[in-house]
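K.L.:
Need a 3D model of the sequence below.
(one chain, ligands or ions: 1)
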Amino acid sequence: MDPSFKRLKGFADMFGEQSAVFAFLETTARTVFANYEYEELRAPILEPTELFRRSIGAVTDVVQKEMFTFEDVKGRSLSMRPEATAGVLRAYLEAGRDKDSAISRFFSIGPMFRRERPQKGRLRQFHQINCECLGSDSPYIDAELICMLVEFLKRAGLKNLQLQLNSLGCRECRGKYLEELKKFLSSRDQDAFCEDCRTRSVSNPLRVLDCKQVNCRELIADAPRILDYNCRACETHFAKTLELLKLEGLNFRVNHNLVRGLDYYCRTTFEVVSDEIGAQTAVAGGGRYDGLTRQLGGGDIPGAGFACGMERLALLAEKNLKISARPIFYLACPDEENMNRAFAITQELRKSGVTGAMNYKPASFKKLMREAARNGARYALILGADEATSASISIKDMDKGDQISISARNLKEKLIELLAKKPE
Ligand code: HAM
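P.N.:
Reported below is the predicted structural model:
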C-alpha cells in the first residue's frame, strides 16, 4: 500500500472481534433504552460550527482546540460533531418537537470527533451511546437517566465502576459561587498552577476544579464547594435526585470537584468512572442542561442526558465478556468437480442460520485443513471424492480431532446435535 494512505493518528480500524463487542454494547443499549421509551435519533455528523460554539461554550477545550473544522465551498464554517447533544437539540427544535407538550426521549449511537492527544481509551474518532430527555425539569428525570445508565452498564456485564455526582446549581447561584471561587484561586500562588489552570482561573474557573495535575489538586484542596452555594430550589432538586437513587439501591459518591468539560450544564452532573483504564477515567458522563435550547434560538426547554464512550466500555467489556465470533464450519472441498455441490451445501447451512465458509479453489486436503484451522471453525466439513460417491460428508471436530462420516442429507441435524452437546 502507498504509505501516504496510512490510517490517521487517533483513528482506528475495527475488525471482527472488536466490532462484535461494539455490536453487543449497541444491542444491550437498545434493549434497555426501549424499556424506558427512548426513541432512536440519527442526526448528521457534520453541523455548522456555530451550533457547537454556542452550546458547548466558546471557551471550552473542545471548541477552542479539539474540533475538526473546515470551510465548505460557500465559505461556511462546518465541524465534525465532537459530541451528540447539540445536534440532537438542533434536530428536536428543527422538527418542531418542542411544540409537543410531551416529554421527548432520544438515544443516538455513532462516531464523534475530537482532536485530542491519542492514548489508551482516547481517540480522535470515538463512538458514543448518547441519551437525551427534553421537556421536563423534574429530578425524577435525572434519576431515571442515571438508573437507565447503570442498568445498561450492568447488563453489559461491566463491573468495578463508580457513580459520582455533583450539582452545579443554576445561573443565579452559580454566579455567586464563581465569584468566591475566583477570589479563592487568585489568593493562591499562581506560579504553582499548571499553565492551563493559570488561564482557566480567569476564563473558566470551574475547570480548575477537575485538573488532574497533582500540584493543582493540592492547591484547590480547600476550595469553596459549589453545593454550599446552591440556592434552595437547586438544593431541593439535588436532594430529591439522591433520594431517588438511594430508593433504587444505587451506590454513589458526591464529588465536589466534578464540573464536566462542556459549559452547558446546570444542577445535576454525573460521571461513571473506572480505575481499570487509567486513573479515574470517565466511561460515561452527563447532567442537566435546562435552557440550552434557548441558546440555540428555541424556547426555554429543560433537558438532561448522558453519553458513554464505547471504546472505553469495550476496553472493560473485553475483560469481562467472552464474545465468540467463532464460525461453526469450514467446508473443505479438494476437487473442482465437487465444488458446485459444496457451494450448495454451504449455502443451505448459511440460510438455515449456521455460520461458515468454504474454499472456492481446489487444494490439497492438508492445505484445506490448515485453512479450516486458521479460519477458527469448530468443525471442518469434508467433501472429498469418497464422500461425493457415497453422498456422505465427513465432520471433523477441529478441537478434538475426531472425525465421523454421515449421510449428507442429515448434515444440518447432525451439526445442531453436536453443537448442543458441545457448548462453547
Ligand atoms: P463527555 O464527558 O465529553 O460528555 O463525553 C462522554 C464520554 O465520551 C466520556 O465519558 C468518555 O467515555 C467518552 N469520550 C470523550 N472523549 C473521548 C475520546 N477522545 N476518546 C474516547 N472516548 C471519549 C459529552 O459528550 C456530553 N455530550 C454528554 C451528555 C449528553 N451530556 C448531556 N447529554
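
K.L.:
all contacts plus neighbour counts: C-alpha atoms, from now on.
P.N.:
Will do.

K.L.:
Any buried residues in stretch 79-95, and which?
P.N.:
79-93 (16 or more other CA atoms under 10 Å).

K.L.:
out of the residues you listed, who's near the ligand?
P.N.:
83-85 (CA under 6 Å from any ligand atom).

K.L.:
just checking, which of those belong to helices?
P.N.:
Members of those lying in helices (criterion: DSSP state H): Thr85.

K.L.:
Save the ones next to the ligand among the buried residues of stretch 79-95 as JSON lines, and put in pLDDT too.
P.N.:
Shown next, in JSON lines, are these (pLDDT from 0 to 100):
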{"residue": "Glu83", "pLDDT": "98"}
{"residue": "Ala84", "pLDDT": "98"}
{"residue": "Thr85", "pLDDT": "98"}
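
K.L.:
want to throw the ones next to the ligand among the buried residues of stretch 79-95 into CSV with distance to Glu179?
P.N.:
Shown next, in CSV, are these (distance: CA to CA, whole Å):
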residue, distance to Glu179
Glu83, 29
Ala84, 31
Thr85, 29
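
K.L.:
tell me the phi and psi of Pro362?
P.N.:
Dihedral angles phi and psi of Pro362 (degrees, to the nearest 10) take the values phi -60, psi 140.

K.L.:
Please verify my assumption that it contacts Asn338.
P.N.:
No. Between Pro362 and Asn338 there is no contact under CA atoms under 8 Å: 9.4 Å.

K.L.:
Stretch 2-14 and the ligand, any residue contact?
P.N.:
No. Judged by CA under 6 Å from any ligand atom, stretch 2-14 and the ligand are separated, with a smallest distance of 8.6 Å.

K.L.:
what does that stretch rub up against?
P.N.:
117-118, 122-126 (CA atoms under 8 Å, 6 or more residues apart in numbering).

K.L.:
if we go to 7 Å?
P.N.:
With contacts defined as CA atoms under 7 Å, 6 or more residues apart in numbering, stretch 2-14 is touched by 118, 123-125.

K.L.:
Check those residues against Leu185 and report the nearest one.
P.N.:
The closest of the contacts of stretch 2-14 to Leu185 turns out to be Pro118 (CA to CA; 30.4 Å).

K.L.:
Tell me the spatial nearest neighbour of that closest one, not counting adjacent residues.
P.N.:
Gly10 (5.2 Å; CA to CA, 6 or more residues apart in numbering).

K.L.:
phi, psi of that neighbour?
P.N.:
Here Gly10 shows phi and psi, under degrees, to the nearest 10, equal to phi 90, psi 0.

K.L.:
Work out for me the element the residue nearest to Asp142 when sequence neighbours are not counted sits within.
P.N.:
Spatially, and ignoring its direct neighbours in sequence, Asp142 is nearest to Thr241 (6.4 Å; CA to CA, 6+ apart). In this assignment (DSSP states H and E), Thr241 forms part of helix 232-247.

K.L.:
Now do that helix: which elements does it pack against?
P.N.:
Judged by 3 or more CA pairs under 7 Å, 6 or more residues apart in numbering; DSSP states H and E, helix 232-247 is in contact with helix 139-155.

K.L.:
hmm, the helix it packs on touching the ligand?
P.N.:
No. Helix 139-155 lies out of reach of the ligand by CA under 6 Å from any ligand atom, never closer than 10.0 Å.
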